[in-house]
Structure formats: C-alpha cells, structure tokens
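S.K.: Output the structure for:
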Amino acid sequence: MDKMYKKQRTINKILDEAQQQINDIEDNTKVCKEKLSESCQKAINEIKKFESEMGEKIEKYKDLKKGALVDQMKEVTRIGEWYNKKVEEMNNLINEPESQPSEKLTKLELLLNEIETSDNDKHWHNESSVTSEVQLKNMTRIPTTIAQTMARNVFILETGVVNLHVSPQGQGCQIIVNDNFPKVWKRYRTIVVEMKKIGETGWKQIREINDETQSMLFVGDVEQHCSYLIRARACVCDGLSLSDYCQPQQFSISRPSKGDH
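M.R.: All right, here's what the predicted structure looks like:
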C-alpha cells in the first residue's frame, strides 16, 4: 500500500506541476501579447513621426518650388514692364510733332540700340518652368516592406536548444543533432538544417530531421574541396515557433584519390 500511496503522490505532483505549467502558459501568453501590442504601438508611433516629418519636408519642397516660380514671374513681369516702357518711349518719339526727322531718327537709333544691348534677355527664361510634380519614391512599397521585415525578424521564440555536430566521413559528412526538448514536446518539433558555401550569401535548407538524431550529407550534395557552413534550429508546431540557430559549424568534403583505400 505504501508503494501505491507513493505512486499516487508522484502522480498528483506531476498533475499539479502540469496544471501550474498550464497556468504559467496562460499568464506568459498574456504578457507576450501585451509586449506585442506595446512594440507594435511603438512602431505605429515611429511611422506617425515619419509621416509628420516627411509631411513637413513635402511642404518645404512645395514652398521652394512655388518660390522659384514666383521669382520667375517677378522677373518676367519686370522685363515686360521695361519693354512696355521702351515701346511707349518709341511711340512718343515717333508722334512728337516738334522734333526734326533727323533728330527723331537719331533718338530712335539710340533707343533701339539700348533695347538690343540690354541684358534683360539673359534673365528671360524661355525654357519650361520647374515641374509641378510632388511625389514620393517607393512609398507604395513601405507597407509591404514593413510587414515582410516584421514577419522575417519577429517570431515566437522556442526556448529549446539545438546542438549540431558535423563529422566528415570519407565521401560523406555525418550530421548529429542533439536538443534539450522534453519528450512530450519533441513530437511537435522538426530540426531544420541549413547550409551555405563560405563566401556566398544566403542559406539553403538541406535537411529536416524529426525523430532521428542524425543524418548523412553525401559528397554529391556539395562541391569537393570547398568549405561550407552548416547550422540548425528547431521549427515547432509547423513553424509557429522557432528556436535560435545553433553556432554554425564549418566543414569540407574531399573525394579520396584513386590510390587511397
């Protein structure tokens, strides 16, 4: 009976601990969602700040464009008034009854020479004015970019640890994976193994390891005499949560020469 009572106490303890873990999960989920909301609100505030600052830049840009056009209008108006004055002077000279023809001709020649030698034409902007367009580059891509960045960098962190050991063996390479996931949680996790050649960017998924703890990478999967990095992490509940990557391991595989046995 003592043994039965002892087993009952053990069972009750396991049940109590499991129930406590369930309670902790509920509490931690609430805290996690609160942190999510807080972080998203901060992001929203930063976006609103960007919107305000960019709005001010747009207004300043508009004012500068308007200023350039106003200056152009003032200059053209000044030139137009100058030409109108000269035309009026010519008309008055031509219609002046008391002047001798030779005197009129001399005055007209002087007036025409003044007009022809004037530097007003240097200030005459006959080309197109500044464009009236006000637009933003890449603005339509911002929402998608933000969403992609968040999806790529923010995920539920799995606290389990994955350890990876790579051991070249002949024409192959043995991958040994260890992790500290409890048995009850192991059936929900998959170890994802990724690899890349040293000097290149971008990792490529090469293996998914479930219940087994080791896998074999053969020389056909890689280029001989090249060095590679290999890393792994846990993908749990069909990708709902991810662990951190383990420390990348370096390896290379060489085919044995014909003389080797």
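S.K.: CA only for contacts and neighbour counts going forward, please
M.R.: Will do.
S.K.: Tell me how this structure divides into domains.
M.R.: Following the assignment in automatic domain parsing, the chain carries domains at 1-154, 156-252.
S.K.: Comparing those, which comes out most buried?
M.R.: domain 156-252 (a mean of 16; mean count of other CA atoms under 10 Å).
S.K.: tell me how far the ends of that one are from each other?
M.R.: The first and last residues of domain 156-252 sit 33 Å apart, counting by CA to CA, to the nearest Å.
S.K.: Give me the distance from it to the chain's centre.
M.R.: The chain centroid and the centroid of domain 156-252 are separated by 28 Å under CA atoms, centre = their mean, to the nearest Å.
S.K.: dump the residue contacts of Tyr188.
M.R.: Tyr188 makes contacts with 236-238, as judged by CA atoms under 8 Å, 6 or more residues apart in numbering.
S.K.: Now distance to Gln247 and secondary structure too, for those, in TSV please.
M.R.: Below are the contacts of Tyr188 laid out as TSV (distance: CA to CA, whole Å; DSSP: H, G, I helix; E, B strand; the rest coil):
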residue	distance to Gln247	secondary structure
Val236	19	strand
Cys237	23	coil
Asp238	23	coil
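S.K.: that older thread, mind putting the domains of the chain into a markdown table with mean pLDDT?
M.R.: As requested, the domains of the chain are exported to a markdown table (pLDDT from 0 to 100):
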| stretch | mean pLDDT |
| --- | --- |
| domain 1-154 | 84 |
| domain 156-252 | 83 |
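S.K.: helices and strands around the longest helix along the chain, which ones?
M.R.: Longest helix in the chain by number of residues (criterion: DSSP state H): helix 2-94. When contacts are defined as 3 or more CA pairs under 8 Å, 6 or more residues apart in numbering; DSSP states H and E, helix 2-94 packs onto helix 101-117.
S.K.: Of the contacts of Tyr188, which is the nearest to Glu81?
M.R.: Asp238 (78.6 Å; CA to CA).
S.K.: dump the residue contacts of the closest one.
M.R.: Counted by CA under 8 Å, 6+ apart, Asp238 has contacts 188-189.
S.K.: Kindly report the same for Ile94.
M.R.: Ile94 touches Lys104, counting by CA under 8 Å, 6+ apart.
S.K.: Look up the residues forming beta bridges with Ser167.
M.R.: Gln174 (DSSP bridges).
S.K.: Could you do Gln249 as well?
M.R.: Taking DSSP bridges as the rule, Gln249 bridges to Ile230.
S.K.: how long is stretch 244-251 end to end?
M.R.: Terminal residues of stretch 244-251 lie 21 Å apart, using CA to CA.
S.K.: Pull up the gap between Lys13 and Thr201, please.
M.R.: Going from Lys13 to Thr201 by CA to CA gives 51 Å.
S.K.: my bad, Tyr245
M.R.: 16 Å.
S.K.: How about Asp211?
M.R.: Distance of Asp211 to Thr201, computed by CA to CA: 30 Å.
S.K.: tell me the helices in the stretch 151-261 of the chain, going along the chain?
M.R.: Taking DSSP state H, counting those that start in this stretch to define them, one finds helices in the stretch 151-261 of the chain at 183-186.
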